[in-house]
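Visitor: My questions concern the predicted model and sequence given below.
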Amino acid sequence: MKSSKYNRRKFLSTAAASAAGGVFVNSTVHFSAVQAQTNLLLSGQDNKSEYLFADGLTYLNTGTLGPCRRETVRESMKMWEELESLPLKFYGLWGAESLAEKTRTVAAQFLGCDLSEMLITTSTTNGMNAVAQGLRLKPGDRILLTDQEHSGGLSCWRYYAKYYGAVIDTVAIPKVENNHEAILERIKKSVTEKTRLISVSHVFSSTGLRMPIAEISALARSKGILCIVDGAQAAGAIKVNVKELGCHAYATSGHKWLMGPKGTGLLYLSKDAQDIIRPMQFDESYNTYNNGNGVVNLACILGLGKALEYLESVGINKVEKHNLSLQNRLSEKLRNISRLKIVSPPAGQFASPMLACVLPDAVDRVAFVKMLFEKHKLSIRATHKEFGFNGIRFCTHIFNTEKEVDFAAEVLHKELT
């Protein structure tokens with residue numbers, strides 16, 4: 001792999017010069033103000049001034065698309081305006097590489113890896129596609145998946161099965177089986193001598209089950225195969241340290257739990273897998289600007305950096321604790337609705353900030369979700385059809401409050417009892 005090393009001293013001097021010239025967007029987090037807002041949010045008080053939500057909206061849908069904070073939007077818009085004042089202003093010798101590398105640096109710190117292992121992408125799907133393309137799979141190569149994978153992390157493997165003869169083996173995970181040992185045993189039994197990689201979600205978008213990624217990675221490594229992780233529903237919602245997880249690759253989105261601009265994403269490629277996984281667009285280097293990657297959305301990438309800095313300033317452990325507390329509160333309030341069956345794990349190590357429930361067969365999940373929005377301004381998601389159950393999904397994040405969770409529970413009681 002010919003990934004060039006990032007020169008920290010060069011970046012700092014370039015950033016300082018740019019700031020003095022008025023072209024570098026100030027991305028310093030005002031920690032005192034942020035901490036005051038954080039204390040307010042984590043105490044359960046309602047403060048939506050930092051977001052752009054429509055009046056009266058109760059948004060429990062971050063797992064679909066997360067909201068950008070006003071500060072993130074301002075960062076992106078300011079950069080966009082600067083850029084359009086002279087379109088080549090931040091390209092080549094004008095400083096685009098330094099600006100983009102700042103976000104990449106913050107992202108590496110956030111996910112717990114070295115800068116030389118971090119890439120900026122446009123989404124989880126884009127990152128998964130880069131991994132798959134970089135592997136150059138051959139006829140007969142076997143790929144081990146679960147039946148709960150999101151299509152965004154699954155389509156790349158289906159592509160190789162369709163056009164290149166790779167073989168997909170699928171492990172069935174019952175939606176109420178929230179047992180790590182049983183899941184690991186299912187995966188272990190499905191590995192064959194021809195298995196080249198295991199690709200699995202960190203958090204299932206179907207039920208919110210938090211998978212035992214560290215154990216799956218250890219299993220994969222013990223057999224000389226790769227562990228690829230779809231982290232779309234994890235990074236920003238719970239603590240993610242890719243080194244502790246031990247996987248070879250980890251792809252995630254900027255536009256969900258990280259609350260960054262739409263069309264941004266991150267990809268971790270472990271150093272020990274970089275000679276095996278070689279995406280075309282990053283063959284020259286992992287820098288965001290390189291000859292294989294082309295022009296990128298600099299404004300949104302800077303906004304993603306701002307979003308990551310905010311979560312860093314709050315502390316991901318605090319964010320996770322807040323998110324899980326709200327999920328547990330909502331779960332307890334929904335359990336006595338006889339027409340609703342919760343399929344997400346109970347409070348504990350397997351739970352995530354996502355709560356999924358099964359509706360009665362007579363209730364159409366898509367129509368039900370639409371009704372909740374139009375009638376109550378409550379935004380949640382209908383589960384994907386391919387997951388095989390008639391369900392709905394709630395997602396609780398840092399901007400949500402106990403008041404909102406209680407409101408959602410009251411609405412569900414009203415509509416289903």
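Guide: Cool, the structure landed. Just so it is clear, the structure is predicted and the values come from calculations on it, not from any experiment.
Visitor: for residue 199, helix, strand, or coil?
Guide: Following DSSP: H, G, I helix; E, B strand; the rest coil, residue 199 is assigned to strand.
Visitor: That one bridge partners, please.
Guide: The partner list for residue 199 in beta bridges (DSSP bridges) reads residue 228.
Visitor: For burial, what's the neighbour tally of it?
Guide: Using other Cβ atoms under 10 Å, residue 199 has 24 other residues around it. Where you see a C-beta, it was placed from the backbone N, CA and C, and this is true even at glycine.
Visitor: same question, the one 4 residues further on
Guide: The tally of other residues near residue 203 (other Cβ under 10 Å) stands at 27.
Visitor: Need the nearest residue in space to it, chain neighbours excluded.
Guide: Of all residues not flanking residue 203 in the chain, residue 233 sits nearest, at 3.9 Å (Cβ to Cβ, 6 or more residues apart in numbering).
Visitor: Then residue 271?
Guide: What sits nearest to residue 271 in space, not counting adjacent residues and going by Cβ to Cβ, 6+ apart, is residue 117, at 5.9 Å.
Visitor: Now for the one you found: which residues touch it?
Guide: Going by Cβ atoms under 8 Å, 6 or more residues apart in numbering, residue 117 touches 108, 242, 268-271, 274, 286.
Visitor: Buried among those? Make that a ChimeraX selection.
Guide: The buried residues among the contacts of residue 117 can be selected in ChimeraX (16 or more other Cβ atoms under 10 Å) with this line:
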select :108,242,268,269,270,274,286
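Visitor: on that earlier part again, pretty sure the residue nearest to residue 203 is touching residue 63, no?
Guide: Yes: judged on Cβ atoms under 8 Å, residue 233 makes contact with residue 63 at a distance of 5.6 Å.
Visitor: Could I get the pLDDT score of the residue positioned nearest the centre of the chain?
Guide: Centroid-nearest residue in the chain, with Cα atoms, centre = their mean: residue 232, separated by 3.0 Å. Here the pLDDT value assigned to residue 232 is 96.
Visitor: tally of neighbours for the closest residue to it other than its chain neighbours?
Guide: The shortest distance from residue 232 to any non-neighbouring residue, by Cβ to Cβ, 6+ apart, is to residue 124 (4.0 Å). Per other Cβ under 10 Å, the neighbour tally for residue 124 reads 28.
Visitor: Same question for residue 103.
Guide: Residue 103: 28 surrounding residues under other Cβ under 10 Å.
Visitor: Now name the helix or strand holding it.
Guide: For residue 103, the element it lies in under DSSP states H and E is helix 96-111.
Visitor: distance between that helix and the chain's centre?
Guide: Centroid separation for helix 96-111 versus its chain: 17 Å, with Cα atoms, centre = their mean, to the nearest Å.
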